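**Q** Quick one, what's the 3D model for this:
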Amino acid sequence: MSVKAGPLAVAAKVLLTGMYGVPILWILLTSVKSSDDVFDPGRTFLFRPVTTAYVEALDGDLLRALLQSVTIATCATALVLVIAIPAAYGLARTRGWLPTAALGLLIVLQMMPQTATVIPLFQAFSGWRLLDTTAAVVLADAALLTPFATLLLRPFFRAVPPQIEEASSIDGAGVLRTFWSVVLPVARNGVATVGTLTFLLAWGEFLYAVNFYLTPGQYPLSALLAQQVSAFGINWPGLMALAVLTSIPILVVFSSTYRLLRDGLTVGAVK
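**A** Modelled structure (predicted):
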C-alpha cells in the first residue's frame, strides 16, 4: 500500500531540490561560458556555449592530479580500514572501563579541529623527511579519518551475534580464524560502507595536501582547484570546468554504492 506525500513533504522536496539543484546548474552553465559572459545578466541562460575551459583543463595537470587523488584516497582508505576494523571489533566485544575510555578518546579526537594538527604533523613529517611526498598526506588523512571510521564500524560488529563466534570456537576455530571467516563476512556491508565514506572524505581533503606538498606540481585535484584562485582574479569558467571534472569520479562512486550506503548507515544508526 503506497502512502501519498503530504503538501509539506512535497514542498520540502521542492525546496531541497532547488537549494542543491540551482548551484549545480550554475556550475554547469558557467563551465561552458566565455569569461565575458559569466557576469553578463543578459546571458545567464542564453549564451553561446564554448568548451574552452574543458579543453584547457584536460590539457593541463588534470590527469596527474587525478592520479594523485586516486592514490591518496585509495591508500588512506586501505590504511584506515586496516586500523579501524580490529579496533572497532575490539571495542564492540570488550566490556569494562577500558573500552569506555577508548570510545571517549575517539570522540575527543573526532572533535579536534583539523587545523590544530597541521603544525605538529608538519614538524613530525619534516623530522621523518616525508614532506613533499604522498606518504605524508596519506598518513595525515589516515590519522584524521581513523577515529571516524572506528566509531562508525563499532555498531556493525555489535550487530554480529556472539553465538556465531561461540559456535565457531566450539568447532575448533581460533580467534583470528573466527574473526576472518565468520565475523568479517557478516559485517562486510558495514566495512564497505565505512570504506566508501572514508574514500569520499579522503578524496576531497584539501588542507593537508596544500601544506605537506611543497611542490605545487604534485597537488591532487582538491588543491588544483584552489590554484584557479589567484591574486590576478578568478578564472570562473576554468574553475567550474575543473569542479565538474573533479566531481565525476565521486558521482560514479556514490551512484554505484548508494544503496549500500543507505542500508549500511541505517543499520549502523539503530544498532
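**Q** Pull out the buried residues from the longest helix along the chain.
**A** For the chain, the helix with the greatest residue count under DSSP state H is helix 62-93. The neighbour-count check on helix 62-93 (16 or more other Cβ atoms under 10 Å) flags 62, 65-66, 68-69, 72-73, 75-77, 79-81, 83-85, 87-89, 91-93 as buried. Any C-beta I mention is one placed from the backbone N, CA and C, and that applies to glycine too.
**Q** In terms of secondary structure, what does that helix contact?
**A** Helices and strands touching helix 62-93, by 3 or more Cβ pairs under 8 Å, 6 or more residues apart in numbering; DSSP states H and E, are helix 97-111, helix 134-158, helix 188-204, helix 221-226, helix 236-256.
**Q** and Ile27, which of those helices is closest to it?
**A** Closest approach to Ile27 among these (Cβ to Cβ): helix 236-256, 4.9 Å.
**Q** In that closest one, which residues are buried?
**A** Applying 16+ other Cβ under 10 Å to helix 236-256 flags 236-246, 250, 253 as buried.
**Q** Dump the residues you listed to a markdown table, plus distance to Pro120.
**A** Formatted as a markdown table, the buried residues of helix 236-256 follow (distance: Cβ to Cβ, whole Å):
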| residue | distance to Pro120 |
| --- | --- |
| Trp236 | 37 |
| Pro237 | 39 |
| Gly238 | 35 |
| Leu239 | 32 |
| Met240 | 36 |
| Ala241 | 37 |
| Leu242 | 31 |
| Ala243 | 32 |
| Val244 | 36 |
| Leu245 | 34 |
| Thr246 | 29 |
| Ile250 | 30 |
| Val253 | 31 |
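**Q** gap between Leu109 and Asp61?
**A** Distance of Leu109 to Asp61, given as Cβ to Cβ, to the nearest Å: 34 Å.
**Q** Please apply the same query to Tyr213.
**A** Tyr213 is 13 Å from Asp61, by Cβ to Cβ.
**Q** so what sits against both of the two?
**A** Tyr219 (Cβ atoms under 8 Å, 6 or more residues apart in numbering).
**Q** quick one: which of these two has more around it?
**A** Tyr213 (20 against 16; other Cβ atoms under 10 Å).
**Q** Could you verify my assumption that the more buried one touches Leu224?
**A** No: judged on Cβ atoms under 8 Å, Tyr213 makes no contact with Leu224 at a distance of 10.9 Å.
**Q** Between helix 236-256 and the longest helix of the chain, find me the angle.
**A** For helix 62-93 against helix 236-256, the angle by axes from the mean of the first three to the mean of the last three Cα atoms, to 10 degrees is 40 degrees.
**Q** Do me a favour and average the pLDDT over helix 62-93.
**A** For helix 62-93, mean pLDDT is 91.
**Q** Since that was my last question, I'll sign off now.
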